[in-house]
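K.L.:
Got a predicted structure plus its sequence, pasted below:
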Amino acid sequence: MNAKEKKYDIYTYSGEMLTPDTIIRIEEIEDDTYIIHSGGKVSKSVLSIDTLEWELPKNNFLRVHPKHLINETYINKIYKENTNWIELNNGDKIPFSFTLLENLGYFSKRTSFINRILNRFRLQNTNT
């Protein structure tokens, strides 16, 4: 099976099957992982955030914080303040860490992905 044929269906504890395009973001809270998906629904995942990061398509999902994995297609704005954060289309504001991205090698291994996001959205400084 090649990459184009790979299925990325994700299952929740309630037995729901989610496809990547419906997943807005994933958040880890304590030892549980929650998937926030279209329609404002929140479902508990059977998989950890670390496993989901490896299972979901790499060209759409980005680990922006130790506890947050986001779907790039849902980014509305990127802000740089004292704390950096990303606003998603559903209104959620997610902190992100340039240091984490650097440490994980995103800037060297995934430069085109990061550049695509940053070029699509102007970094906005709300301190001005």
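P.N.:
That came through fine. Worth saying up front: this structure is predicted, and the values here are computed from it rather than measured.
K.L.:
Strands of this structure, start to end?
P.N.:
Ranges of strands in the chain, per DSSP state E, are 10-11, 17-18, 23-29, 32-37, 41-44, 61-65, 68-71, 75-79, 85-88, 93-95.
K.L.:
Surely His37 is in contact with Ile26?
P.N.:
No: contact criterion Cβ atoms under 8 Å: His37 and Ile26 do not qualify, at 9.4 Å. For every residue, glycine as well, the C-beta is placed using N, CA and C.
K.L.:
just to revisit the earlier point, how about CSV for the strands of the chain, with distance to Thr51, mean pLDDT and mean neighbour count added?
P.N.:
What follows is these, written out as CSV (distance: least, Cβ to Cβ, whole Å; pLDDT from 0 to 100; neighbours: other Cβ atoms under 10 Å):
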stretch, distance to Thr51, mean pLDDT, mean neighbour count
strand 10-11, 10, 88, 18
strand 17-18, 14, 92, 14
strand 23-29, 10, 96, 20
strand 32-37, 9, 96, 19
strand 41-44, 14, 95, 14
strand 61-65, 12, 86, 22
strand 68-71, 11, 92, 22
strand 75-79, 23, 81, 17
strand 85-88, 22, 86, 19
strand 93-95, 20, 89, 15
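K.L.:
May I see the ones you listed arranged in JSON lines, with distance to Glu55 as well?
P.N.:
Output for the strands of the chain, formatted as JSON lines (distance: least, Cβ to Cβ, whole Å):
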{"stretch": "strand 10-11", "distance to Glu55": "7"}
{"stretch": "strand 17-18", "distance to Glu55": "12"}
{"stretch": "strand 23-29", "distance to Glu55": "11"}
{"stretch": "strand 32-37", "distance to Glu55": "12"}
{"stretch": "strand 41-44", "distance to Glu55": "15"}
{"stretch": "strand 61-65", "distance to Glu55": "9"}
{"stretch": "strand 68-71", "distance to Glu55": "11"}
{"stretch": "strand 75-79", "distance to Glu55": "21"}
{"stretch": "strand 85-88", "distance to Glu55": "21"}
{"stretch": "strand 93-95", "distance to Glu55": "20"}
